[in-house]
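> Pasting a predicted model and its sequence here:
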Amino acid sequence: MQTTLHKNIIDTADGQEADRILRNCVHCGFCNATCPTYQILGDELEGPRGRIYLIKQLLETGSSSQQTRGHLDRCLTCRNCETTCPSGVEYHSLLEIGRRVNDQQAPRPLPARALRKLLRLILPYRRRMQLLVRMALFVRPLLPAKYRRQLPDKPHAPVPLTRQHARKVILPAGCAQDAFAADINQDAQRLLDKLGINCITPENDTCCGAVSSHLGAEDEALRFIKRNIDSWWPDIEAGAEAIVHTASACGLMIKDYGKLLADDIGYADKAQRVSELCLDISEYLQQQDLAALPAVQGRRVAFHAPCTLQHGHRINGAVETLLQQRGYALTHTIDPHLCCGSAGTYSILQPKLSQRLLHDKLDTLLTDKPELIATANIGCLLHMRSASTVPVVHWLQLLNG
């Protein structure tokens, strides 16, 4: 694709990165075939190819619009198009640039800015999220059914493991997951303990930075990232063999730390090392000998692979293999590549589209009548729990029986 970016943009870091990405696009349209929003809305501007043209126009003319913002905001950033693209277009990076430039030139209305600020003040902070969940539990009977389904039965009380092993990994607690489903990491610790591996759970780490980054607060995201690196670094120097994450979205963000801090003299090398050590829990378990784990009573499970797992990490089949090895029967799922509609804060900012995607996804997952739905990311888990007629769990929890 030929480009002639505006003189005020071409010499910026965003302009140069966007120009490189745009030139790889051959506007073939293969991306539209797997784009969830294009499948629903049938509008060229609601698919990757149309959005790429809008971003190109924005960067070439230097003029923004509310209409362009709307089309860009309705993108899930699921990266399905990147899996499909034969030219390797880094669409998610281009989209972030387009949203950023559009917001710089035409700031959002005050109510929209206020909502995004509120999300950034709550979601990335573990203790604030825990407080919010406790308050919700107190008024649970008064809440709509979809919110009641998302809440835990009661605040989680972790049971410390006392056995010590030579092998150690860092297991970040995260923010939303620690508040809504801390039992996921507790099950990870139990499982890894059986394999002779201790989990280090740093107290001073924080949100991975994804919420701030996706809401356009790049400087704030970098502060979270640097705090995490500082928190994990002593354990890395002490020999932690991996940073293992049980939330595929958070793990994907951590794998990008090296890229995001590549130009930071003080953090570039550390960030690159952190990215190299980060593994999704499915990747890490594939490297271990699981033969010693006791057999489980297999059940019929529908597995939903989050977009961050299959299109971000590019991990396909790992979870399914691990579940089948443990004796679970996986049901058939139609269109497993499509998003459930959670997509971070998307379910809050784009509720109508998110709900349609959710119910379409549940219809496909429940077609073969599973006993359970399993997934690999806290956002997908909570989103599907809000409407599912069968229990939704993290797949890792099934390995403990």
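It's in. Bear in mind that the values here come from a model prediction, so they are computed numbers and not experimental data.
> sec struct for residue 198, please.
strand (DSSP: H, G, I helix; E, B strand; the rest coil).
> measure it to residue 171 for me?
Separation of residue 198 from residue 171 (CB to CB, to the nearest Å) stands at 9 Å. C-beta: built from backbone N, CA, C; applies to glycine.
> Now do the shared contacts for the two.
residue 192 (CB atoms under 8 Å, 6 or more residues apart in numbering).
> So for those two, which residue has more residues nearby?
residue 171 (24 against 18; other CB atoms under 10 Å).
> residues in contact with that one?
Counting by CB under 8 Å, 6+ apart, residue 171 has contacts 185, 188-189, 192, 199-201, 244-246.
> where do the strands sit along the stretch 151-300 of the chain?
For the stretch 151-300 of the chain, the strands defined by DSSP state E, counting those that start in this stretch occupy 167-170, 197-200, 243-245, 278-280, 300-304.
> Would you mind pulling up the elements that the fourth one packs against?
Helices and strands touching strand 278-280, as assessed by 3 or more CB pairs under 8 Å, 6 or more residues apart in numbering; DSSP states H and E, comprise strand 243-245, helix 248-255.
> now for those, which one comes closest to residue 47?
Nearest to residue 47 among the helices and strands packed on strand 278-280 is helix 248-255 (22.6 Å), distances taken as CB to CB.
> quick one: contacts of that closest one?
With CB under 8 Å, 6+ apart, helix 248-255 has contacts from 172, 174, 177, 208-210, 213, 228, 243, 245, 274-275, 278-280, 306, 308-309, 312-313, 315, 344, 376-379.
> and for stretch 210-228, what are the contacting residues?
77, 96, 99-100, 103, 116, 119-120, 123-124, 172, 175, 204-209, 249-250, 252-254, 257, 260-261, 267, 271, 274, 344-345.
> What residues of it count as buried?
Buried residues in stretch 210-228, counted by 16 or more other CB atoms under 10 Å: 210-217, 220-222, 224-226, 228.
> about what we covered before: weed out the non-buried ones from the contacts of helix 248-255.
Counted by 16+ other CB under 10 Å, the contacts of helix 248-255 give 172, 174, 177, 208-210, 213, 228, 243, 245, 274-275, 278-280, 306, 308-309, 312-313, 315, 344, 376-379 as buried.
> now, which of the residues you listed lie within helices?
Using DSSP state H, 177, 210, 213, 228, 274-275, 378-379 are the members of the buried ones among the contacts of helix 248-255 that sit in helices.
> Return the member of those residues nearest to residue 349.
Of these, the one sitting nearest to residue 349 (CB to CB) turns out to be residue 379, at 13.1 Å.
> nearest to residue 358, of the buried residues of stretch 210-228?
Nearest to residue 358 out of the buried residues of stretch 210-228 is residue 214 (CB to CB; 18.8 Å).
> how about the contacts of residue 171 in JSON lines, adding distance to residue 357 and pLDDT?
Converted to JSON lines, these look like this (distance: CB to CB, whole Å; pLDDT from 0 to 100):
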{"residue": "185", "distance to residue 357": "27", "pLDDT": "92"}
{"residue": "188", "distance to residue 357": "28", "pLDDT": "94"}
{"residue": "189", "distance to residue 357": "33", "pLDDT": "93"}
{"residue": "192", "distance to residue 357": "34", "pLDDT": "94"}
{"residue": "199", "distance to residue 357": "34", "pLDDT": "94"}
{"residue": "200", "distance to residue 357": "37", "pLDDT": "92"}
{"residue": "201", "distance to residue 357": "33", "pLDDT": "90"}
{"residue": "244", "distance to residue 357": "29", "pLDDT": "97"}
{"residue": "245", "distance to residue 357": "24", "pLDDT": "95"}
{"residue": "246", "distance to residue 357": "23", "pLDDT": "96"}
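> contacting residues around residue 368?
Here residue 368 is in contact with 300, 302, 331-333 (criterion: CB under 8 Å, 6+ apart).
> That one in helix, strand or coil?
Residue 368, by the three-state scheme (three-state DSSP), is coil.
> Which pLDDT value does the model give it?
Listed pLDDT for residue 368 reads 93.
> What distance do you get for it to residue 128?
Residue 368 is 40 Å from residue 128, by CB to CB.
> Quick one: low-confidence residue ranges for the stretch 101-250 of the chain.
155-160, 162 (pLDDT under 70).
> still on that earlier bit, quick one: buried ones out of the contacts of residue 171?
Among these, the ones that count as buried (16+ other CB under 10 Å) are 185, 188-189, 192, 199-200, 244-246.
> So what pairs up with the nearest residue to residue 232 once chain neighbours are set aside in the strands?
In this structure, residue 232 finds its nearest non-sequential neighbour in residue 170, 5.4 Å apart by CB to CB, 6 or more residues apart in numbering. With DSSP bridges as the criterion, residue 170 is bridged to residue 200, residue 243.
> returning to that earlier point: now the helices and strands packed on strand 278-280 in JSON lines, with distance to residue 22?
Shown next, in JSON lines, are the helices and strands packed on strand 278-280 (distance: least, CB to CB, whole Å):
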{"stretch": "strand 243-245", "distance to residue 22": "32"}
{"stretch": "helix 248-255", "distance to residue 22": "23"}
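> Report the two of the contacts of residue 171 separated the most.
200 and 246 (14.2 Å).
> got a list of what the spatially closest residue to residue 194 that is not a sequence neighbour touches?
Spatial nearest neighbour of residue 194, excluding adjacent residues (CB to CB, 6+ apart): residue 293 at 6.2 Å. Contacts for residue 293 (CB under 8 Å, 6+ apart) come out as 191, 194-195, 326, 399.
> Cool, thanks, signing off.
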